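Undergrad: quick check, what structure comes out for this input:
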Amino acid sequence: MRIGIQTGYWSRRPPRGIVPALRTAEALGLDSVWTAEAYGSDAFTPLAWWGSRTRRVRLGTGIAQMAARTPTATAMQALTLDHLSGGRFVLGLGASGPQVVEGWYGQPYGRPLARTREYVDIVRQVLARERPVTASGAFFRLPVPADVAGATGLGKPLKPTVHPLRAELPVVLAAQGPRNVALAAEIADGWMAGFYAPRTDAEHRALLAEGFTARSGARTPSSAFEVLATVPVVVRDDVEEAADVLRPHVALYVGGMGSKEANFHKASLDRLGYADALDEVQAHFLAGRKDEAAKAVPRALIEEVALVGPAAKVRADLSRWEGTAVTTLLLQGDPASMLAALAAAESRRGTAGAAVRSAAGAALARVAPRRV
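TA: Numbering: from 1, shown residues only. Alright, predicted model coming up:
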């Protein structure tokens, strides 16, 4: 199982300590670094900026929102970053949710699975550069037909001027609902999970198998399919104190990242058996009682989907993800905690030498922890 770092999206300002943490993490054996976007910082710019300070790690968008860009614009950014990084880029895409898509991007959210199919197909056409790109779907039409209101009829199919470094640049899909997970296995090279609980591994494997069965063509076989799970990590001597750091994070996703009628994050956690507790969290959050919402998040839930507590406990808890469908664990949190968890993972494998562990210790001492 590979270890990556999920830097996420920014809150009020750029996070501190990312570059020194990445440099130390790369020496520790870090596999990849990922960025995200919501309705503030974008996913591509920080990845290019921070990624330029690394030499080996893969650079992934985790995730880029499809509604933010046309599929051809996304493919342009992907092939550009892949060239600049020497073939280290991974394109992670996601549909986001109706609040963001309709409220921020001003687009209808309906039929996200069908839209995703068309989107990924166009991206792959651009990256393959075998012929001019065309599309005649329900959501994307290239060129725009002349009978569309406002169209001139002068558009023509085009190929990218840049020759992609890798025509088979990997595309991974973020998904939480069952049908979305199966779709990722069917049309993508990987699946990025949000709240992945190891005890539900069998259910996830069944959904992936369903998607692999529907796969057509000669794209990546299931044996090479990547499953990435974002796992928050907070290293503290006291487990309850560590859980307290993550409670506002979980409460935000349960109560604020979606409406009462449609919240994919809450639905994902409800399926773990915490629906009653999370109904209370959501009610508090929607009523503006954010502190009460955070306090209502069960510690048991946090310990299922995150790594919290002393370094020794984190090291032991890592074993829960070993043997699951997860191929890449994406650590998310303050730089000090992420480095401690990465060092623990490398220690479990016996690959972190004394010099590297010393460098990690020095980094932990100078990087101030921040809230997730």
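
Undergrad: how does the chain divide into domains?
TA: What automatic domain parsing lists as the domains of the chain is 2-232+310-366, 237-308.

Undergrad: how far does the last one sit from its chain's centre?
TA: Remark: domain 237-308 is offset 19 Å from the chain centroid, using C-alpha atoms, centre = their mean, to the nearest Å.

Undergrad: measure that domain end to end?
TA: 9 Å (C-alpha to C-alpha, to the nearest Å).

Undergrad: go on, stretch 297-308?
TA: End-to-end distance for stretch 297-308: 14 Å, by C-alpha to C-alpha.

Undergrad: and for it, what's in contact with it?
TA: Outside stretch 297-308, the residues that touch it by C-beta atoms under 8 Å, 6 or more residues apart in numbering are 195-199, 231-236, 239-240, 242-243, 245-247, 250-251, 254, 269, 272, 274, 277-278, 281, 314, 317-318, 331, 341. Yep, even glycine has a C-beta here, placed from its N, CA and C like the rest.

Undergrad: among the residues you listed, which ones are in strands?
TA: Using DSSP state E, the subset of the contacts of stretch 297-308 located in strands is 231-235, 331.

Undergrad: among those residues, which two are most distant?
TA: Val231 and Val235 (12.7 Å; C-beta to C-beta).

Undergrad: could you pull out the helices for the stretch 151-300 of the chain?
TA: Using DSSP state H, counting those that start in this stretch, the helices of the stretch 151-300 of the chain run over residues 178-187, 201-214, 239-255, 264-269, 275-286, 290-295, 299-305.

Undergrad: what about the closest residue to His265 other than its chain neighbours, how many neighbours?
TA: Nearest residue to His265, sequence neighbours excluded (C-beta to C-beta, 6 or more residues apart in numbering): Tyr253, at 4.1 Å. By other C-beta atoms under 10 Å, 21 other residues sit near Tyr253.

Undergrad: picking up where we left off before, out of the helices of the stretch 151-300 of the chain, which comes closest to Glu346?
TA: Closest to Glu346 of the helices of the stretch 151-300 of the chain is helix 239-255 (C-beta to C-beta; 20.9 Å).

Undergrad: what sits up against that closest one?
TA: Against helix 239-255 from outside (C-beta under 8 Å, 6+ apart): 232, 234-236, 263, 265-266, 269, 278, 281-282, 284-286, 290, 293-297, 299, 301-303, 306, 308-310, 313, 371-372.

Undergrad: ChimeraX command for the buried members of those residues?
TA: Buried residues within the contacts of helix 239-255, by 16 or more other C-beta atoms under 10 Å, are selected in ChimeraX with:
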select :232,234,235,236,263,265,266,269,278,281,282,284,285,293,294,296,297,301,302,303,306,308,309,313,372
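
Undergrad: where does the stretch 201-350 of the chain have low pLDDT?
TA: 218-220, 350 (pLDDT under 70).

Undergrad: how about stretch 3-18 as CSV, C-alpha atoms only?
TA: Only the C-alpha atoms of stretch 3-18 are listed here, as CSV (Å, rounded to 0.1, in the frame of the first residue of the first chain):
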residue,chain,number,x,y,z
ILE,A,3,1.2,6.5,1.0
GLY,A,4,0.3,9.9,-0.4
ILE,A,5,-0.5,13.3,1.1
GLN,A,6,-3.9,15.0,0.5
THR,A,7,-3.4,18.8,1.0
GLY,A,8,-7.0,19.5,0.3
TYR,A,9,-8.3,22.9,-0.6
TRP,A,10,-7.5,26.1,1.3
SER,A,11,-9.6,27.7,3.9
ARG,A,12,-8.9,31.5,4.5
ARG,A,13,-5.3,31.5,3.1
PRO,A,14,-2.6,29.1,1.8
PRO,A,15,-1.6,26.4,4.4
ARG,A,16,1.8,26.8,6.0
GLY,A,17,4.6,24.2,6.0
ILE,A,18,3.6,22.3,2.9
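
Undergrad: list the buried residues in that stretch.
TA: Within stretch 3-18, the residues scored as buried using 16+ other C-beta under 10 Å are 3-10, 15, 17-18.

Undergrad: show me the two of those residues that sit farthest apart.
TA: Farthest pair in these, by C-beta to C-beta: Ile3 and Trp10, 22.6 Å.

Undergrad: re the thing from before, now, of the contacts of stretch 297-308, which are buried?
TA: Here, 16+ other C-beta under 10 Å leaves 195-198, 231-236, 239, 242-243, 245-247, 250-251, 254, 269, 272, 274, 277-278, 281, 314, 317-318, 331, 341 buried among the contacts of stretch 297-308.

Undergrad: residues contacting the spatially most central residue of the chain?
TA: Nearest to the geometric centre of the chain sits Gly62, at 3.2 Å (C-alpha atoms, centre = their mean). By C-beta under 8 Å, 6+ apart, the residues touching Gly62 are 6, 34-36, 43, 92, 172, 174, 192, 228, 230, 330.

Undergrad: burial measure for the spatially closest residue to Lys159 that is not a sequence neighbour, as a count.
TA: Spatial nearest neighbour of Lys159, excluding adjacent residues (C-beta to C-beta, 6+ apart): Pro132 at 5.2 Å. If you count neighbours by other C-beta under 10 Å, Pro132 ends up with 13.

Undergrad: cool, and Ala135?
TA: Residue neighbour count, defined by other C-beta under 10 Å, stands at 17 for Ala135.
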